[in-house]
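*Asks:* sequence-free structure coming up:
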């Protein structure tokens, strides 16, 4: 017999085999153990740092986690926006080259026997810009020799705006 057989069941298998000739001479039984892996690896993205939904702070980082319980993960690849795919080295993904604004990341994994996961897409907004704060003087004021004088009735109004996620809080201090 000089053929091939396919074993469709995923998992570990043991095959025993031998050959005999036309006059009944048979070799000793041989054994081979092998694992069939037909399932692609799983892969997910992870956000480390401050995020609100799909909005990532400028200090946040992204990681990829891939698993394949049978043959193991051979590697993962990713890309931002329309860049070419790059091999994932296993550490944090460098976001610093991205501009403030909307982006996408696509990624996939492949195992040691060539099973490839689907390509996943993560759409996110990279928020690198801090809010802007402005102060307004409401009421009496007087400027003399580069000094500003207020009356007891004068108030200061602080206003902050943010281009994307919104202002969480405004902090201020008077005389430390």
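*Replies:* Right, received. Where do you want to start? Keep in mind the model is a prediction, meaning the values are calculated, not measured. Numbers count the residues shown, from 1 in each chain.
*Asks:* Surely residue 112 and residue 41 touch.
*Replies:* No: counting by CB atoms under 8 Å, residue 112 stays clear of residue 41, with 9.5 Å between them. All C-beta spots, glycine's among them, are computed from the backbone N, C-alpha and C.
*Asks:* who has more neighbours, these two?
*Replies:* residue 41 (24 against 14; other CB atoms under 10 Å).
*Asks:* and that one, what does it touch?
*Replies:* Applying CB atoms under 8 Å, 6 or more residues apart in numbering, we find residue 41 in contact with 66, 67, 68, 73, 109, 110, 111, 115, 117.
*Asks:* can you list those residues in CSV and add distance to residue 101, secondary structure and pLDDT?
*Replies:* Shown next, in CSV, are the contacts of residue 41 (distance: CB to CB, whole Å; DSSP: H, G, I helix; E, B strand; the rest coil; pLDDT from 0 to 100):
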residue, distance to residue 101, secondary structure, pLDDT
66, 28, strand, 97
67, 32, strand, 97
68, 34, coil, 96
73, 32, strand, 97
109, 28, strand, 98
110, 31, strand, 98
111, 35, strand, 97
115, 35, coil, 96
117, 28, coil, 98
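*Asks:* ok, back up a step: shared neighbours, residue 112 and residue 41?
*Replies:* Common neighbours of residue 112 and residue 41 (CB under 8 Å, 6+ apart) are 68, 73.
*Asks:* Which one of the contacts of residue 41 sits in the busiest neighbourhood?
*Replies:* residue 109 (27 neighbours).
*Asks:* is it true that residue 160 touches residue 167?
*Replies:* Yes: counting by CB under 8 Å, residue 167 is a contact partner of residue 160 at 4.4 Å.
*Asks:* Spatially, which residue comes closest to the residue nearest the centre of the chain, not counting chain neighbours?
*Replies:* What sits nearest the mean C-alpha location of the chain, by CA atoms, centre = their mean, is residue 45, with 3.4 Å. Excluding the flanking residues, the one nearest residue 45 by CB to CB, 6 or more residues apart in numbering is residue 122, at 5.2 Å.
*Asks:* Looks like the one you found contacts residue 43 (just checking).
*Replies:* No: at 11.1 Å, residue 122 does not count as touching residue 43 under the criterion of CB under 8 Å.
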